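**Q** here are the coordinates; sequence isn't available:
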């Protein structure tokens, strides 16, 4: 049973959906932490009438605590619950492992456009399943015709994000290469380890559940690729949705982090690949943020970044290299807010721990990313990004 703030009275309530990328991350966390919860759809009357207005957001997941506190955004949910339920920990104690876990969280949560690609660019294979999944989120007992109608609305909304996502047909081979590299690297790792950093699931493992379960492990086309190519990854995804820490395959593995702050070679390779593919986008976004901050220097602390009531505003378009091609995609202020967590943690470390992290950064190619200094800190006010 999780320690800390026990929820042996009313349970937490997770408002989300099985087709949702980010709900997958939070659901897995709640289960592995053994936090008592129930799940409700965004069509539930309480979500519409109480929870969404309190959060000032319709974006899922949202968690409602037993005392009525409403928390939106997977990172905010993690920080809120990890402080109250510290056992088993989801943050490794060693500086190298924690930095690695934070970086996996960053890239899996903010950069893996393969999830969008394999859902929406394979309409013939996926559409019937995906559209009805979304339809059931809004009308759970609806007829097929009703589900299709709701699903088409969601599909049109997702299609409107093409320019922001930036996955053009010339990049489809790169998407395949990124997905297969991710699967193959994780397959090698999960041959010998149950989780990224040993016998306990970390914030990095939970973040991977966003793409690997929410999209790639359920939608028919990418699921078929996963099952056929990397059955151990598929099994890991299955196990991440159970409350048990120890899986049958690793029943004798100690439920501890790898000793000596060690990081297994496949995880080092995973991080190196993430940085090669995606670091340029964060660095370019930081440049746009510098320009924005200069143009809005008179904004007082606590002022929302967006005047249009957007909770995750775009900073504009960036042009970055990707696997021998050029990609143009939207730059998100939210991704910089998440990166900021890692940067602040790094800057507060004792000197010896900071040196250990710098060594890891050099090994995986993260020094430029971790040298970013945001022109103005970001915060969240009323679940909207704001200047600090």
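**A** Alright, I've got the coordinates. Here the structure is a predicted model, which means the values were calculated and not measured.
**Q** now do the buried residues in stretch 241-256.
**A** Applying a neighbour-count criterion of 16 or more other C-beta atoms under 10 Å, the buried positions in stretch 241-256 are 245, 247, 250, 253. The way it works is simple: take the backbone N, C-alpha and C, and place the C-beta from them, glycine included.
**Q** show me where this structure has strands.
**A** 12-15, 37-40, 62-64, 70-72, 314-322, 325-332, 378-381, 384-387 (DSSP state E).
**Q** so where's the longest helix in this structure?
**A** When the chain is parsed with DSSP state H, its longest helix is helix 265-295.
**Q** any idea how far that one is from the middle of the chain?
**A** 15 Å (C-alpha atoms, centre = their mean, to the nearest Å).
**Q** show me what it is packed up against.
**A** helix 95-110, helix 172-189, strand 314-322, strand 325-332, helix 333-347, helix 351-364, helix 367-370 (3 or more C-beta pairs under 8 Å, 6 or more residues apart in numbering; DSSP states H and E).
**Q** now do 6 Å
**A** helix 95-110, helix 172-189, strand 314-322, helix 351-364 (3 or more C-beta pairs under 6 Å, 6 or more residues apart in numbering; DSSP states H and E).
**Q** before we move on, the earlier item: just name the most buried of the strands of the chain.
**A** By mean neighbour count, with neighbours taken as mean count of other C-beta atoms under 10 Å, strand 62-64 ranks first of those at a mean of 26.
**Q** partners of that strand, with directions?
**A** According to DSSP bridges, strand 62-64 forms sheet pairs with strand 12-15 (antiparallel), strand 70-72 (antiparallel).
**Q** tell me the mean pLDDT over the shortest one?
**A** Which is strand 70-72. The average pLDDT for strand 70-72 rounds to 98.
**Q** hmm, who's touching that strand?
**A** 51, 54, 55, 57, 62, 63, 64, 77, 80, 383 (C-beta atoms under 6 Å, 6 or more residues apart in numbering).
**Q** switch the residues you listed over to JSON lines; also include pLDDT and distance to residue 333.
**A** Shown next, in JSON lines, are the contacts of strand 70-72 (pLDDT from 0 to 100; distance: C-beta to C-beta, whole Å):
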{"residue": "51", "pLDDT": "97", "distance to residue 333": "24"}
{"residue": "54", "pLDDT": "96", "distance to residue 333": "23"}
{"residue": "55", "pLDDT": "95", "distance to residue 333": "19"}
{"residue": "57", "pLDDT": "93", "distance to residue 333": "15"}
{"residue": "62", "pLDDT": "98", "distance to residue 333": "20"}
{"residue": "63", "pLDDT": "98", "distance to residue 333": "23"}
{"residue": "64", "pLDDT": "98", "distance to residue 333": "26"}
{"residue": "77", "pLDDT": "98", "distance to residue 333": "19"}
{"residue": "80", "pLDDT": "98", "distance to residue 333": "21"}
{"residue": "383", "pLDDT": "92", "distance to residue 333": "14"}
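**Q** now the strands paired with strand 62-64 in TSV, with distance to residue 272?
**A** Shown next, in TSV, are the strands paired with strand 62-64 (distance: least, C-beta to C-beta, whole Å):
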stretch	distance to residue 272
strand 12-15	34
strand 70-72	33
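**Q** from the buried residues of stretch 241-256, which land in helices?
**A** Among the buried residues of stretch 241-256, no member falls in helices (DSSP H).
**Q** nearest to residue 362, of these?
**A** Of all the buried residues of stretch 241-256, residue 253 has the smallest distance to residue 362: 29.9 Å, by C-beta to C-beta.
**Q** rewinding a little: possible to save the contacts of strand 70-72 as a markdown table with distance to residue 314?
**A** Listed next are those as a markdown table, based on distance: C-beta to C-beta, whole Å:
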| residue | distance to residue 314 |
| --- | --- |
| 51 | 26 |
| 54 | 26 |
| 55 | 21 |
| 57 | 17 |
| 62 | 22 |
| 63 | 26 |
| 64 | 29 |
| 77 | 23 |
| 80 | 26 |
| 383 | 17 |
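**Q** just the buried ones from those residues?
**A** With neighbours counted by 16+ other C-beta under 10 Å, the contacts of strand 70-72 contain buried members at 51, 55, 57, 62, 63, 64, 77, 383.
**Q** please name the bridge partners of the nearest residue to residue 281 once chain neighbours are set aside.
**A** In this structure, residue 281 finds its nearest non-sequential neighbour in residue 320, 5.1 Å apart by C-beta to C-beta, 6 or more residues apart in numbering. Beta-bridge partners for residue 320, by DSSP bridges, are residue 327.
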